[in-house]
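Visitor: I would like the atomic coordinates for the input below:
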Amino acid sequence: MKLKEGQSSLNLYLPDITKNLRSPASPEKFLTNLRDHLSNEKKDAMAYFESAEEELVNAEKFLTEQLKEAESTSIKYTNIMQHKYVINKASTVVLAKANEGGDSRSMSILPQSVENVMENKAGMKFSFIAGLIPKEDKIRFKKLIFRRTRGNAMTVLHDLENPIITYDQKPLEKTLYVVIIRETDILRSAISRICETFSSEIYDIAGDIKEKEQELTKQEIELKAVLDATEKQIKEKLDRLAETPMGMEGSALENFRWFFEKERLLYNTLNMFKFDQSMCKGLCWCPLVKLDEVNRGIEIMRQAKKVLCSNLSPIHDHSMTPPTYYRCNDFLRPFQEIVFTYGVASYREANPTLFTIVTFPFLFGIMFGDLAHGTVLLTLSAYICINREKLIKAKSFLAEACDFRYLLLLMGFFSAFCGFLYNDFAAVPLNLFSTCFNKPVGDKGEFDREDRTCVYPAGFDPKWYSSSNELQFINSFKMKISVIVGVAHMVVGIFLKGLNCINDAKHIDFWFEFLPQLIFMVSFFGYMNFMIIIKWLTDWSSYSQNGPSIITLLIGIPLRGSDPGDVPLYDMEHKGDLQKYVGQYVLLIAVICVPWMLFIKPFLLRCIHGGEKEHAAIELSSADNLSHP
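Guide: As a prediction, this is how the structure comes out:
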């Protein structure tokens, strides 16, 4: 409970001094400085906890009182500013006319009709209600006054030329109103209630105007002095919390926050232990590579603190499933975080992060391939890798990207590499090598290869970007290369699943899940990749028609029995007979794999575990009968 109270006190005013707060360099440095500080002050952790709690509770009490006082004083200050404006703009002339003579001032904000009313009915006693309402409510306010008084009131509205500035420098967009009615208590009370519904203060405009202005000015000066003094005290208190204590790093408030977090984690861990006589016993998971290091730390604590505790003793005979632990460095960590967004592998399962190091940035490069933009990203990430420590020390905006510097570096490299293959430099083709399409065809600006054996050395020939079918050709290539890489990616994932099944001795999963998935993927989608590559490698210019559509061929496998049509993809000598037979076999394999993958495993699991559930249900029913004879 004390820890929660201390943390609530800590977090109450944290946003007010965030800009001036400085955090310790690292948890290790903070703990070292804390031990030295407690040793110099001759305090233990509990005494430091009590003093920190007392200081924060006192700070909370002081700041709460000061802020409440400042809030109420600020409201009074704003009301005085509004009252002065109402007096200066509305009261003088109206009161002088209503009281049959007096101080006559400008009636510039009143319409001529009001002046006429007062001059013609000077013998009658009028009442004036004045104040300020939000500008957007003025029309609604005027209608309500008219309906309530049945037209027996004159309402004058005037928008402020300049907004009223409050003490905290917030502008108030208001509209001045003056309601002129005959002096009756009932009517005045009704109009006052309408003004209150609009959150409007009703200001007194009767009496000596100059005297009222002087009195309000005096109150304004006094309240401003009170607000200045309160603000100064609050700032001084917050500055003291932002100062760095002697022998520590970071602001006092940040040290308190880190200390409370350390204590919270400590007590949460102690709550997991079981108290047995004078000892606390508990179970924990420790990586084997860290076991000796942990035992050395326990030995050092035992000798230095004279604490009675034992080393970690491995327990080999247990049925608990260990948690997953991955040793990561700065290079692997961002890729591991990407994998964690999809899920965490079970203990001793194959970690796909090693494959993600290549597949993720390479797939990004396929989609984002541009030599110019990729070079910019590559250069920026290389700069972050080289100047990481300087950027963190200077608190640069690039410091946020330091943890992902190697990921950005590989993404920039593959983006520039794929952009080079696409021959795309900021959407402009580069003619780095001599084009092969140098033979004009017709007068439409089309070209053909003069030498049929000529091949552009690397990537796309720049002439493709000036051809009529540029978009169709390039988008088709990008889509197909993405399909090939994607299928290869999924096949690798299925192989990892098979390795996990072998490692965990999951025979049912291996034979009735991994195996049909692999066969289906390799046969159907592998055959699709095979057709894509065959179509690329075939010179279709020697045939009367262009190559067949891959999508059409895939759809034709189940619908037309893999009929190759007029133009087969391969085996042209036999009019695509081999293509037809291969497609039919692929369809047969797919039809076999689907029920093999979906129905056999659930059936086997029900046969294995169904009887156990029925037996448990019978035992539970028997127990109920015994309990309720």
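Visitor: So the closest residue to Arg449 other than its chain neighbours versus Pro462, what's the distance?
Guide: Setting aside the residues directly before and after it, Arg449 is nearest to Cys436 in space (CB to CB, 6 or more residues apart in numbering), at 4.9 Å. Just so you know, the C-beta spots here come from the backbone N, C-alpha and C atoms, and that holds for glycine as well. From Cys436 across to Pro462, the span is 10 Å (CB to CB, to the nearest Å).
Visitor: same question, Pro334
Guide: In this view, Pro334 and Pro462 are 36 Å apart by CB to CB.
Visitor: How about Thr269?
Guide: As judged by CB to CB, Thr269 and Pro462 stand 64 Å apart.
Visitor: Looking at those two, which has the bigger crowd around it?
Guide: The residue with more neighbours, out of Thr269 and Pro462, is Pro462; 18 against 11, by other CB atoms under 10 Å.
Visitor: got the phi/psi numbers for that one?
Guide: phi -60, psi -20 (degrees, to the nearest 10).
Visitor: Tell me which residues touch it, please.
Guide: The contact partners of Pro462, taken as CB atoms under 8 Å, 6 or more residues apart in numbering, are 423, 429-431, 435.
Visitor: tell me the contacts of Phe460?
Guide: 421-424, 429, 474.
Visitor: In helices only, show me those residues.
Guide: The helices, defined by DSSP state H, take in 421-422, 474 from those.
Visitor: Listing request: residues of the stretch 151-300 of the chain with sub-threshold pLDDT.
Guide: Within the stretch 151-300 of the chain, the stretches with pLDDT under 70 are 183, 199-200, 206-207.
Visitor: For it, which segments count as helices?
Guide: With DSSP state H, counting those that start in this stretch, the ranges of helices along the stretch 151-300 of the chain come out as 185-197, 209-242, 252-270, 291-305.
Visitor: Return the most buried member of those helices.
Guide: helix 252-270 (a mean of 16; mean count of other CB atoms under 10 Å).
Visitor: That helix - contacts with which helices or strands?
Guide: helix 2-12, helix 27-41, helix 45-86, helix 209-242 (3 or more CB pairs under 8 Å, 6 or more residues apart in numbering; DSSP states H and E).
Visitor: how much does the second one deviate in direction from helix 45-86?
Guide: Helix 27-41 and helix 45-86 are oriented at 100 degrees to each other (axes from the mean of the first three to the mean of the last three CA atoms, to 10 degrees).
Visitor: ok now helix 27-41, how far from the chain's centre?
Guide: Here the centre of helix 27-41 is set off from its chain's centre by 34 Å, with CA atoms, centre = their mean, to the nearest Å.
Visitor: circling back: ok, now how distant is the residue nearest to Arg449 from Val376?
Guide: Applying CB to CB, the value for Cys436 to Val376 is 30 Å.
Visitor: Could you report the pLDDT at the residue nearest to Trp540 when sequence neighbours are not counted?
Guide: Distances taken as CB to CB, 6+ apart place Gly547 nearest to Trp540, at 4.7 Å, with adjacent residues excluded. As predicted, Gly547 sits at a pLDDT of 82.
Visitor: now the one 5 residues further on
Guide: Per-residue pLDDT puts Thr552 at 88.
Visitor: got a list of what it touches?
Guide: Contacts for Thr552 (CB under 8 Å, 6+ apart) come out as Gly565.
Visitor: Equivalent analysis for Lys232, please.
Guide: No contacts exist for Lys232 under CB under 8 Å, 6+ apart.
Visitor: re the thing from before, could you redo the helices and strands packed on helix 252-270 as CSV and give each row distance to Ser319?
Guide: Listed next are the helices and strands packed on helix 252-270 as CSV, based on distance: least, CB to CB, whole Å:
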stretch, distance to Ser319
helix 2-12, 35
helix 27-41, 35
helix 45-86, 38
helix 209-242, 51
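Visitor: quick one: which of the ones you listed is nearest Val358?
Guide: helix 27-41 (33.5 Å; CB to CB).
Visitor: So in the chain, where's the weakest helix or strand by average pLDDT?
Guide: helix 112-120 (a mean of 44; mean pLDDT, DSSP states H and E).
Visitor: how about the next helix or strand after that helix: buried residues?
Guide: Tracing the chain past helix 112-120, the next element assigned as helix or strand by DSSP states H and E is strand 126-134. Buried residues in strand 126-134, defined by neighbour count with 16 or more other CB atoms under 10 Å: 126-133.
Visitor: and what of stretch 27-45?
Guide: Neighbour count says stretch 27-45 has 30, 33-34, 37 buried, by 16+ other CB under 10 Å.
Visitor: so who does Ile221 touch?
Guide: So Ile221 contacts nothing (CB under 8 Å, 6+ apart).
Visitor: Report the separation between it and Ile87.
Guide: 17 Å.
Visitor: and what of Ile555?
Guide: Plainly put, Ile555 is 85 Å away from Ile87 if you go by CB to CB.
Visitor: Neighbour count: these two, which is higher?
Guide: Just comparing Ile555 and Ile87: by other CB under 10 Å the higher neighbour count belongs to Ile87, 20 against 11.
Visitor: What ranges does the stretch 251-400 of the chain have for its strands?
Guide: 274-276, 279-281 (DSSP state E, counting those that start in this stretch).
Visitor: Each with direction, which strands does the first one pair with?
Guide: If I follow you right, that is strand 274-276. Under the criterion DSSP bridges, strand 274-276 sits next to strand 279-281 (antiparallel) in its sheet.
Visitor: Give me the contact list for the partner strand.
Guide: With CB under 8 Å, 6+ apart as the test, strand 279-281 has contacts from 270, 273-274, 308.
Visitor: which one of the residues you listed is nearest Phe525?
Guide: Closest to Phe525, out of all of those and judged by CB to CB, is Phe273, at 53.0 Å.
Visitor: List the contacts of the closest one.
Guide: Residues near Phe273 by CB under 8 Å, 6+ apart: 280-282.
Visitor: what does Trp258 give?
Guide: Per CB under 8 Å, 6+ apart, neighbours of Trp258: 23-24, 27, 30, 250.
Visitor: before we move on, what about Leu587?
Guide: By CB under 8 Å, 6+ apart, the residues touching Leu587 are 557-558, 562.
Visitor: List the ones among those residues that fall in helices.
Guide: 557-558.
Visitor: Tell me the secondary structure at Leu144.
Guide: Look at Leu144: counting by DSSP: H, G, I helix; E, B strand; the rest coil, its state is helix.
Visitor: is it true that it touches Glu196?
Guide: No - judged on CB atoms under 8 Å, Leu144 makes no contact with Glu196 at a distance of 11.9 Å.
Visitor: Give me the buried positions along stretch 168-179.
Guide: Buried residues in stretch 168-179 (16+ other CB under 10 Å): 172, 174-179.
Visitor: scratch that, stretch 78-85 is what I was asking about
Guide: For stretch 78-85, burial by neighbour count (16+ other CB under 10 Å) applies to 78-85.
Visitor: a markdown table for these, including distance to Asp577 and pLDDT?
Guide: Output for the buried residues of stretch 78-85, formatted as a markdown table (distance: CB to CB, whole Å; pLDDT from 0 to 100):
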| residue | distance to Asp577 | pLDDT |
| --- | --- | --- |
| Thr78 | 92 | 86 |
| Asn79 | 96 | 85 |
| Ile80 | 100 | 85 |
| Met81 | 96 | 84 |
| Gln82 | 95 | 83 |
| His83 | 100 | 83 |
| Lys84 | 101 | 82 |
| Tyr85 | 97 | 81 |
